[in-house]
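1. Build the 3D model from these lines:
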Amino acid sequence: MAAKYEEIKTDFEQIQKSQDSIIDAYKGGDAINYVKIGTSSLEISKSANRLKSNLFTPVADKIEAEKDPVEKVKITKTIRDLIVELDNTIGLFAASPMFLNLRVIDPAVSEKTGKDLDMIIELSSILNAEAVKMNIK
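-> Take a look at the predicted model:
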């Protein structure tokens with residue numbers, strides 16, 4: 001369990017650090033650094049997927065997906081809109097009461113946290129794709 005806790009802690013922190021990196025890449029300097037945005041969004045996706053596998057059981061995820069699928073994000077959003085939405089979602093996820101005590105699980109809190117994590121995965125994937133498109137231009 002200690003190894004899993006360390007992995008959860010690392011991924012939890014990495015998601016937040018990578019989001020800070022995205023914001024810096026968008027706001028810093030004269031030009032937007034789309035390569036850094038793409039790389040950081042891939043890191044968020046990787047950490048979020050591993051965090052999901054460590055925190056939520058696959059069976060519960062499948063049932064949850066059938067009950068209430070994650071609303072698909074419109075790809076027509078701007079890079080800025082995606083960054084803001086990802087930042088807000090990461091903020092909600094990081095502030096979840098679930099992380100105050102990993103040994104006590106409230107099903108409603110767990111469900112909301114899982115949905116936030118699914119949205120982080122989706123938004124980071126879309127942001128990466130959009131950053132790649134912008135870098136090619």
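2. From residue 11, how far out is the spatially most central residue of the chain?
-> Geometric centre of the chain, nearest residue: residue 120, 2.7 Å, by Cα atoms, centre = their mean. Counting by Cβ to Cβ, to the nearest Å, the separation of residue 120 from residue 11 is 11 Å. No exception for glycine: its C-beta is placed from N, CA and C like everyone else's.
3. Tell me the residues that contact both of these two, please.
-> residue 48 (Cβ atoms under 8 Å, 6 or more residues apart in numbering).
4. Stretch 91-109 spans what distance, first to last residue?
-> Start-to-end span of stretch 91-109 (Cα to Cα, to the nearest Å) is 15 Å.
5. no wait, stretch 21-36
-> 8 Å.
6. That one: which residues count as buried?
-> Under the neighbour-count criterion of 16 or more other Cβ atoms under 10 Å, stretch 21-36 has 21, 22, 23, 25, 26, 32, 33, 34, 36 buried.
7. where does the fourth one fall, helix, sheet strand or coil?
-> Which is residue 25. Look at residue 25: counting by DSSP: H, G, I helix; E, B strand; the rest coil, its state is helix.
8. Please look at it and residue 37 and confirm they touch.
-> Yes - counting by Cβ atoms under 8 Å, residue 37 is a contact partner of residue 25 at 4.8 Å.
9. what's the following helix or strand after the worst-scoring helix or strand of the chain on mean pLDDT?
-> Using mean pLDDT, DSSP states H and E, the weakest-scoring helix or strand in the chain turns out to be helix 58-67, at a mean of 52. Tracing the chain past helix 58-67, the next element assigned as helix or strand by DSSP states H and E is helix 79-94.
10. Tell me which other helices or strands whichever helix or strand comes after that next one touches.
-> Tracing the chain past helix 79-94, the next element assigned as helix or strand by DSSP H and E is helix 107-136. Secondary-structure packing of helix 107-136 (3 or more Cβ pairs under 8 Å, 6 or more residues apart in numbering; DSSP states H and E): helix 34-55, helix 58-67, helix 79-94.
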